[in-house]
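[1] I would like to see how this sequence folds:
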Amino acid sequence: MQKTSHFAAAELGAGPDQALQFIAQLGERAPLLVEEWIKSGNAAAVQAAAELGQGPARKVARRGLNVLKARGVNIPAAPRTGRIEQDAGAAREAWLLPPDSSGVEGLVLAERQASGSYQACFTFFREGREILRVQGGLLALSKLEQNMRASLGGAGYAPVRVPWDWAKFRIVERRAWHAAHKVAEPLGWMGTEKLLADPPTEAPQHPFDAKGLQSSAEETERLARDSASLHQWPEFRSWLPSERALQELLAHIGRKFGPTPPTAKEELDPILREQVAAATDRYFTPERRHVLANRMRDSALSVFDRLGDDAGRHVAAVIQVIRGAGLITNPPSDVKFLTSFFDKALGLLAAQQGGRLRVPIPAPVAAAPGEAAAGSAAPADPEDPLGPALEVAPSGDQPQT
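    So this is what the prediction gives:
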């Protein structure tokens, strides 16, 4: 008994133009359709899949061409004329790999070739600074997507599609930074230069700004009051102040405690809140706020893709407040998103130390011979040179991590 095919007659008799459409629709079953074309001698469809297909279906088709040739089947010319030229614009794609905790982000340019593979350029950099790494190569779409996911690791968010010209301009802008500062570029540009040809002469609008998510002054103020909650999202969850800024905060807390530190929570908490606010104002200078706001805008593209308009509008409001912060009026410490950098860092440090935050206490002033040392309530502990370990309960303002 003859076995009945599971494919429709239109699929089995597909011409070269329909062949790619059918194998794209079938997904994992596409190689089975290609095998049917080989059995029936549909050389035009097999040739189209071999030249312009992707993945396993293309591999089966390329082997199938040899089978058809061995049978003496006439193989038509490859379907290249006109098709690639017509789709060249649509074959260019760009992605943003949102910033990580250290501010490193990536841009990926990929242009589809006649073979079906993509000429790709991965560029990793820090906002406003140097390019750290460049990788180029000819990749299948599946490998391209795999490499982007691997670059993000377990970040909890995905690459974001962005306009080609915007991505290209930013890469060229970073290269111009190297030229202006006479800093050598990393290697890896070979084969990618054509992707960067003819960049826009002026910076295109940021794709997040183009979404039109600005709010009224009242709405912006309302959204910004809940800005600490942004740290619960994966795009911002790992963002922390520098290690040096955290150690400076601990030193300031220790000096505020004095030689005889308080032990009651009602005495400790006001001091911690005061010093976190002061550390926030010291750390988030106008320059650092500018870089942070730009970095947040890039991450907001991922937030918008995952959570939609309301979440995107929330981030836009916080960015606006950060840009408008000053040193006297509207200080950075009034923005909960900024103070949460230090709240989160103290919470993580306490968790690493078993719930006990180690604060360096200033050594007592040496006393004159025959006099007691000022403020020395107990002899120094040689096993604990950093000072006493204090029990610090996480503040209610602290975002979950």
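
[2] pLDDT on the helix or strand containing residue 273, on average?
    Taking DSSP states H and E as the definition, residue 273 sits inside helix 265-283. For helix 265-283, mean pLDDT rounds to 91.

[3] so how far is that helix off the chain centroid?
    31 Å (CA atoms, centre = their mean, to the nearest Å).

[4] so after it, what's the next helix or strand?
    Defined by DSSP H and E, the subsequent element after helix 265-283 is helix 286-307.

[5] in the helix or strand following that following helix, what's buried?
    From helix 286-307 onward toward the C-terminus, using DSSP H and E, the following helix or strand is helix 309-324. Residues of helix 309-324 classed as buried: 311-322 (neighbour count, 16 or more other CB atoms under 10 Å). Heads up, the C-betas are built off the backbone N, CA and C, glycines and all.

[6] for burial, what's the neighbour tally of residue 10?
    9 (other CB atoms under 10 Å).

[7] same check, this time on residue 190
    9.

[8] so what does the helix holding residue 273 touch, helix or strand wise?
    Where contact means 3 or more CB pairs under 8 Å, 6 or more residues apart in numbering; DSSP states H and E, helix 265-283 is packed against helix 243-257, helix 336-352.

[9] ranking those by burial, who's on top?
    Among the helices and strands packed on helix 265-283, ranked by average contacts under mean count of other CB atoms under 10 Å, first place goes to helix 336-352 (a mean of 21).

[10] for that helix, packing partners?
    Against helix 336-352 (3+ CB pairs under 8 Å, 6+ apart) you get helix 217-225, helix 243-257, helix 265-283, helix 309-324, strand 356-358.

[11] which parts of this structure belong to which domain?
    If you go by automatic domain parsing, the domain ranges for the chain are 9-71, 86-204, 217-365+381-391.

[12] among the ones you listed, which is the most enclosed?
    Mean neighbour count, computed with mean count of other CB under 10 Å, is highest for domain 9-71 among the domains of the chain, reaching a mean of 19.

[13] which one among the buried residues of helix 309-324 gets closest to residue 297?
    Closest to residue 297 out of those is residue 319 (6.1 Å), distances taken as CB to CB.

[14] mind checking what secondary structure residue 198 has?
    coil (DSSP: H, G, I helix; E, B strand; the rest coil).

[15] next, it: phi, psi?
    phi 50, psi 60 (degrees, to the nearest 10).

[16] do residue 103 as well
    Torsion angles at residue 103 (phi, psi; degrees, to the nearest 10) stand at phi 90, psi 0.

[17] do the same with the one 5 residues further on
    Summarising the backbone geometry of residue 108 under the convention degrees, to the nearest 10, its torsions are phi -120, psi 120.

[18] residue contacts, it?
    By CB atoms under 8 Å, 6 or more residues apart in numbering, the residues touching residue 108 are 94-97, 120-123, 144, 148, 159, 167.

[19] quick one on the thing from earlier: can you put the helices and strands packed on helix 336-352 in TSV and add distance to residue 49?
    Listed next are these as TSV, based on distance: least, CB to CB, whole Å:
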stretch	distance to residue 49
helix 217-225	51
helix 243-257	54
helix 265-283	57
helix 309-324	40
strand 356-358	63
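
[20] if I've got this straight, residue 123 is in a helix?
    No. Using three-state DSSP, the secondary structure at residue 123 is strand, not a helix.

[21] helices of the stretch 1-150 of the chain, residue ranges please.
    9-12, 16-26, 30-40, 43-52, 55-71, 83-87, 141-152 (DSSP state H, counting those that start in this stretch).

[22] show me the contacts for residue 241.
    279, 283, 341-342, 345.

[23] do me a favour and average the pLDDT over stretch 70-78.
    Mean predicted lDDT for stretch 70-78 stands at 80.

[24] err, stretch 120-138, not the other one
    92.

[25] could you do stretch 8-26 as well?
    78.

[26] ditto for stretch 222-230
    pLDDT averaged over stretch 222-230 gives 89.

[27] what's the span of it, first residue to last?
    14 Å (CA to CA, to the nearest Å).

[28] nearest to residue 51, out of the helices and strands packed on helix 265-283?
    Taking those one by one with CB to CB, helix 336-352 is closest: 51.8 Å.

[29] show me the shaky parts of the stretch 301-401 of the chain.
    327-329, 363-401 (pLDDT under 70).

[30] isn't residue 124 right next to residue 102, touching?
    No. Residue 124 is beyond contact range of residue 102, at 10.9 Å (criterion: CB atoms under 8 Å).

[31] who's in contact with the nearest residue to residue 224 once chain neighbours are set aside?
    Distance criterion CB to CB, 6 or more residues apart in numbering; nearest residue to residue 224, sequence neighbours excluded, is residue 321 at 4.3 Å. The contact partners of residue 321, taken as CB under 8 Å, 6+ apart, are 220-221, 224, 227, 330, 335.

[32] tell me which two in those are the farthest apart.
    227 and 330 (13.1 Å).

[33] and of the helices and strands packed on helix 265-283, who's closest to residue 53?
    Closest among these, using CB to CB: helix 336-352, at 47.6 Å.

[34] on that earlier part again, between the helices and strands packed on helix 336-352, which one is nearest to residue 22?
    Ranking the helices and strands packed on helix 336-352 by proximity to residue 22 (CB to CB) places helix 309-324 first, at 36.4 Å.
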